[in-house]
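Colleague: Kindly return the folded structure for what I paste below:
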Amino acid sequence: LTGAAFSGWEKPKTIPNLQGPKDSGKTVFVKTLARIGSGGMRYAREVSPSVLMENQKSEYERSNLRGLRFVAMSEPSTSDKLDGAFVKQLTGGDMVTTRGIREAPITWQPQCVMFVASNDPVRFQSRDTALLDRIKLLNFPYRHWSLEEKPDAERVNDPSLEENLTQEDSGILAWIMIGMMEFFRKDRTVIPPAAAEANRETMRVAGSSVQRWLSDMVSTGMLVKVPEAQRQGRGKTEYVNRSEAWDCYKSWAQASEERPLSKHTFLNELYAEFPAEKPSAFWCLYGLLPTEQWLQAVRAGNGWGMVR
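Modeller: Prediction:
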């Protein structure tokens, strides 16, 4: 994928998200490649996370992506979401119109692959399956500790690593070229590793506040997801009241310091997995079962404050 990024040909519709704990090597990886590619023709660059974000976008900063092939971005805020429309333009071969400072607007075709290094999976609107398919979560699972922090650590942090890597530029460039030749040998296709495909569900949950809420409710014992094959054996009145689910979600979003979705958007996303049914006076979410802990919160009236 790195070789493909540095080539001048049409790129894979992919944004690799290098995710792992602090000092796992992900930021060193993208910074080193951005540094190597920034000389000569200036094909690579490290950019601010705001370039791709929904509420912090800067047309001037986006104009700086023109002509780049490898773009590195490190540590976006966990409260920010990717601007889905722009990301799809950037990765889909569509023309983009931007303008630099004191310049007229210009339309250009993106050539870059954006590598995002982050401690947590990047957030985006995961109801957008086209965007979900493009973001590949690549794990950097191991933290490298300083001996002061953890004297018996198996993986020790090398504070001189980035400086030492400057002595290996020719070898790293050769590695990039090998990847580029492999990209051409495979008819300019990149097959994602099995681990990246297996992480798709992680990305789906990370990208949706509804899915994060649902995951929290299930993991804390508030709700139970009943498999489709087992739903017929229960009376529909046993399933959770959709108004209660909405009230709970709003409280959860406030406790999580997240901007809540509209009620319409929230329920529509749930309906895809738990259809709305009206077996009595109220609508329920068929397949989502409340536990005694949930029912206690309902009876408490203001009990959602305990949910998180």
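
Colleague: could you dump stretch 157-177 to CSV, C-alpha only?
Modeller: In CSV, the C-alpha atoms belonging to stretch 157-177 read as follows (Å, rounded to 0.1, in the frame of the first residue of the first chain):
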residue,chain,number,x,y,z
ASN,A,157,11.4,2.4,23.6
ASP,A,158,14.3,3.8,21.7
PRO,A,159,14.3,7.6,22.0
SER,A,160,16.8,7.8,19.2
LEU,A,161,14.8,5.8,16.7
GLU,A,162,13.6,8.6,14.4
GLU,A,163,17.1,10.0,14.3
ASN,A,164,18.6,6.6,13.6
LEU,A,165,16.1,6.0,10.8
THR,A,166,17.6,9.0,8.9
GLN,A,167,20.6,6.8,8.4
GLU,A,168,18.4,4.2,6.7
ASP,A,169,16.7,6.4,4.1
SER,A,170,18.2,4.5,1.1
GLY,A,171,17.0,1.2,2.5
ILE,A,172,13.5,2.6,3.3
LEU,A,173,13.3,4.0,-0.2
ALA,A,174,14.2,0.7,-1.7
TRP,A,175,11.4,-0.9,0.4
ILE,A,176,8.9,1.6,-1.0
MET,A,177,10.1,0.8,-4.5
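
Colleague: tell me the mean pLDDT for it?
Modeller: Averaged across stretch 157-177, the pLDDT comes to 94.

Colleague: for stretch 97-107, same thing?
Modeller: Mean predicted confidence for stretch 97-107 is 88.

Colleague: List the contacts of it.
Modeller: Residues from elsewhere that reach stretch 97-107 (Cβ atoms under 8 Å, 6 or more residues apart in numbering): 59-60, 62-66, 95-96, 108. Where you see a C-beta, it was placed from the backbone N, CA and C, and this is true even at glycine.

Colleague: Return the set of buried residues in that stretch.
Modeller: Judged by neighbour count using 16 or more other Cβ atoms under 10 Å, the buried positions of stretch 97-107 are residue 98.
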